[in-house]
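> what's the 3D shape of this:
(2 chains)
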There are 2 protein chains.
Amino acid sequence: MHRTRIRVAEDALDANETIARANREDFDRAGVAVVNLMSAPGAGKTALLERAIEAGLGETRIGVLEGDVQGSYDADRIAHLHVPVTQLNTDPGFGGECHLDANMVRSALPEVPLGEIDLLVVENVGNLVCPAEFRIGEDARAMICSVAEGEDKPLKYPLMFRTCELVCVNKIDLLPHLDFDLDRLLANLEAVNPEAEVLTMSARSGEGVEAFRDWLAAVGRRGGASAARPGSAAAA
Amino acid sequence: MHRTRIRVAEDALDANETIARANREDFDRAGVAVVNLMSAPGAGKTALLERAIEAGLGETRIGVLEGDVQGSYDADRIAHLHVPVTQLNTDPGFGGECHLDANMVRSALPEVPLGEIDLLVVENVGNLVCPAEFRIGEDARAMICSVAEGEDKPLKYPLMFRTCELVCVNKIDLLPHLDFDLDRLLANLEAVNPEAEVLTMSARSGEGVEAFRDWLAAVGRRGGASAARPGSAAAA
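I've put the predicted structure just below:
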């Protein structure tokens, strides 16, 4: 007898995966690559995005979706650079949600000009825990970790560091003024995610920002080629 | 006809309040004052606690409850100072809970030597969103905000800043090396919480740490006097 077993989708993360796949299909159809950009509060997500956009992304047309509990401070900064930016606030839910999930991103998609961009950078809420738990339909995950936060963060927030393919170590201009051992941070990162690409940089001095810009542009080119991407909705 | 209306407790925050009150009664019975200490990851909660304990709390006997997603790195640091410390990890829940709630704290209470301390400092998970939403039965809330995080944090995470009676501005030794306007941070803080007491300090240089130590000791003396505190279980 042939039997099919269907597991009942039982929790919030299952529902999130379903919606993330729907987002993914929409992004593929539009030929847009998506980066989920995460960090602790104040690690420098917006500043590094500003520097990367100012450095020029070549052919890659970038758009930004800003996730914040409240306000539009970061969106206003990005808008000054004349790239399309959409603000998504999480405060209607439960005193302010501490992360973006696939459904929140989906609710913002009608406001995102997918036809005019190749790369959408989603700046998540500043938080090292929950944003890592929810996929939003992204192609790649990147996180920024500031040297001012100490070397122990990969060990204390392992899911965040494990789930990202790029880790940007920011604010290296502060290294002479901190009791911070960069080698120890890198060893701790290696212990939780030996596969991660690591870039060191400073949004303030500009050092290393081009490598982040190049990484973004390379992900953006994946979006432009999405019609040929195996398994993408556009190719199906 | 006399009618009584009972509103059904309908959400997680209601349940949390109920359990927080039970914790509060236990703390009162033991004569222990409780501080809920919060911040973003890497702002310096543990380092400032270390410095305050090293500076000496006088008659106040302190204990620490360390909340972390994973590991016991901070608890190990505090244990070196020979004060009772209890580790509470949140990782069994949902990929790691991003905050402590009253029930998590309650589950740890059998391991906390309430009879031997006057002051319990609960070091919450590093996060500027959800920890502010859950009371744990504390007497006072304090948060630490690092100047490396930028001046905009009170505006972007208003509940956290609004809910604390003490805001410690840490890492002021870095001010000469940052594009950071302390007056703007203080104005942003004033906008969301004009009542907050503000202390500036540096765990690295030691500047201002005594004021934080004195604040902790003063809260600790409330615990010692709890038998006379109006409305406390011990007074009832």
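> from the middle of its chain, how far away would the longest helix belonging to chain A be?
Of all the segments of type helix in chain A, defined by DSSP state H, the longest one is helix A:12-30. Taking C-alpha atoms, centre = their mean, to the nearest Å, one finds helix A:12-30 lying 15 Å from the centre of the chain it belongs to.
> same question, stretch A:63-74
That offset, for stretch A:63-74, works out to 13 Å (C-alpha atoms, centre = their mean).
> and if you look at stretch A:188-205?
That offset, for stretch A:188-205, works out to 15 Å (C-alpha atoms, centre = their mean).
> one step back: and the next element down the chain from the longest helix of chain A?
Following helix A:12-30 in sequence order, the next helix or strand is strand A:33-39 (DSSP states H and E).
> tell me the angle that next one makes with helix A:12-30.
Between strand A:33-39 and helix A:12-30, the angle comes out at 140 degrees (axes from the mean of the first three to the mean of the last three C-alpha atoms, to 10 degrees).
> Just checking: what are the partner strands of strand A:33-39?
strand A:119-123 (parallel), strand A:140-146 (parallel) (DSSP bridges).
> Which is the succeeding secondary structure element to the last one?
What it means is strand A:140-146. Counting by DSSP H and E, what follows strand A:140-146 is helix A:153-156.
> about what we covered before: report all helices and strands that the longest helix of chain A contacts.
If you count contacts as 3 or more C-beta pairs under 8 Å, 6 or more residues apart in numbering or on different chains; DSSP states H and E, helix A:12-30 packs onto strand A:33-39, helix A:102-108. (Glycine included, C-beta is placed from N, CA and C.)
> okay, the ones you listed, which one's buried deepest?
Each of the helices and strands packed on helix A:12-30 was scored by mean neighbour count; the highest is strand A:33-39, a mean of 27, by mean count of other C-beta atoms under 10 Å in any protein chain shown.
> Tell me the helix or strand right after that one.
Downstream of strand A:33-39 (by DSSP H and E), the next one is helix A:45-55.
> Dump that next one to CSV, restricted to CA.
Output in CSV follows, covering the C-alpha atoms of helix A:45-55 (Å, rounded to 0.1, in the frame of the first residue of the first chain):
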residue,chain,number,x,y,z
LYS,A,45,24.5,49.0,9.3
THR,A,46,23.2,52.3,7.9
ALA,A,47,26.6,54.0,7.9
LEU,A,48,28.2,51.2,6.0
LEU,A,49,25.3,51.1,3.5
GLU,A,50,25.7,54.9,3.0
ARG,A,51,29.4,54.5,2.4
ALA,A,52,28.9,51.5,0.0
ILE,A,53,26.3,53.5,-2.0
GLU,A,54,28.5,56.5,-2.1
ALA,A,55,31.4,54.4,-3.4
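> Show the contacting residues for A:R77.
A:T46, A:E50 (C-beta atoms under 8 Å, 6 or more residues apart in numbering or on different chains).
> how close does it get to A:R51?
Counting by C-beta to C-beta, to the nearest Å, the separation of A:R77 from A:R51 is 11 Å.
> swap in A:P113?
Counting by C-beta to C-beta, the gap from A:P113 to A:R51 is 23 Å.
> So these two - more neighbours on which side?
Using other C-beta atoms under 10 Å in any protein chain shown, the more surrounded residue of A:P113 and A:R51 is A:R51, with 21 against 13.
> from memory that one sits against A:V209, does it?
Yes. The pair A:R51 / A:V209 is scored as a contact, 4.4 Å apart, by C-beta atoms under 8 Å.
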